[in-house]
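Visitor: Here's a sequence, model it:
(one chain, ligands or ions: 1)
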Amino acid sequence: MNTPNYRGRFAPTPTGPLHFGSIVAALASFLDARKNNGQWLVRIEDIDPLRELPGADSDILRTLEAHHLLWDESIRYQSQRSDAYDAFIAQLSSHNHTYLCPCSRKTLIKNNGSHSPECKPLQAHNSQQYAIRFITKPKHYQWQDLLLGQQSYLSKEGLDDFVIKRKEGFYAYQMAVVCDDIDQNISHIIRGSDLLDSTPFQLALYQATNTSAPQFGHIPVILNASGQKLSKQNQAPAICNKTASFNLQKALFALNHPPPNTLHNAPAKEIINWAILNWSLKKLPRTLAIKKDSIA
Ligand code: GLU
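Guide: Numbering: from 1, shown residues only. You can find the predicted model right below:
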């Protein structure tokens, strides 16, 4: 397959080591890029120092290497992108898509989502004690998901004006991810279904900046025995690099691409090469979640 200018990416937040669910997501986006003769980039989304674990970024990169998930171009760190994010916010503000908001989440809940009369358009202003919010218009945000088919979200019922820069001065995920996906010319985003709800927010930002959105495909997240999504918060075990081949085989089972028995003890590189040749989005499970215990 050859999809001209295919550019995919894996964009982990360095809050801890990769777990099985994150390897599944990295593998799916990597294989889809390689199958399409595309580029695959890695971006470390380190814009929230309060949630990050020192050293997690290099740990993540070592795990990707051990699993032969080798990236193109140099790693991008979002912590080094403040100028680009300020410029992106300034662009949105110059088209009246933003306002300064002093409201805390608590006050908004108490007032049923109504903002304080103090909220005002973003001007040359000391924005220190204000969050910057993006104004969402009442409309349907739709996309044809590569895996889940037609998706449609109505804003204003579910999509409040969302924060793009927090009061504390931190940039928000929804804004930074779109700014970088545009800047890095990402054409295809294959990621976990836990980010399905973020996609309409991100589409709103593409529309506001008059940029065409990439294609999105949301793969199932992996659940633990109690039905919770594997995550650092619920102590999902870190992936062990010494068992890379076994991890890859299990991840391929989860993605409905079981490798043949002949690859049983093969090195990671051989499993990856087989998987690139045999990869097809059509074979992927069309569900939002899979229990880890149910994977062969
Ligand atoms: N950094 C986000 C996360 O780790 C993923 C961003 C994305 O794939 O859009 O959840």
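
Visitor: Next one, pLDDT for the residue of the stretch 151-296 of the chain found nearest the ligand please.
Guide: The minimum distance from the stretch 151-296 of the chain to the ligand, using CB to the nearest ligand atom, falls at residue 191 (3.9 Å). In short, each C-beta sits where N, CA and C put it, glycine included. The model reports residue 191 with a pLDDT of 98.

Visitor: Please report the distance of residue 33 from residue 187.
Guide: Going from residue 33 to residue 187 by CB to CB, to the nearest Å gives 9 Å.

Visitor: So between these two, which is more surrounded?
Guide: Using other CB atoms under 10 Å, the more surrounded residue of residue 33 and residue 187 is residue 33, with 26 against 21.

Visitor: Name all residues that make contact with that one.
Guide: 6-8, 39-40, 188 (CB atoms under 8 Å, 6 or more residues apart in numbering).

Visitor: So which of those are in strands?
Guide: Within those, residues falling in strands by DSSP state E are 7-8, 39-40, 188.

Visitor: Next, format those as a markdown table and append pLDDT and distance to residue 169.
Guide: Output for the ones in strands among the contacts of residue 33, formatted as a markdown table (pLDDT from 0 to 100; distance: CB to CB, whole Å):
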| residue | pLDDT | distance to residue 169 |
| --- | --- | --- |
| 7 | 98 | 30 |
| 8 | 98 | 31 |
| 39 | 98 | 33 |
| 40 | 98 | 32 |
| 188 | 98 | 32 |
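
Visitor: from those, which would you call buried?
Guide: 7-8, 39-40, 188 (16 or more other CB atoms under 10 Å).

Visitor: how about the residues of the stretch 101-250 of the chain near the ligand?
Guide: Within the stretch 101-250 of the chain, the positions near the ligand by CB under 6 Å from any ligand atom are 177, 191, 195.

Visitor: give me the number of residues near the last one?
Guide: Neighbourhood size, residue 195 [other CB under 10 Å]: 17.

Visitor: Is it correct that it is in contact with residue 218?
Guide: Yes: the pair residue 195 / residue 218 is scored as a contact, 6.8 Å apart, by CB atoms under 8 Å.

Visitor: could you pull out the strands for the stretch 51-200 of the chain?
Guide: In the stretch 51-200 of the chain, the strands defined using DSSP state E, counting those that start in this stretch lie at 76-77, 98-101, 120-121, 131-134, 140-145, 149-154, 162-165, 188-192.
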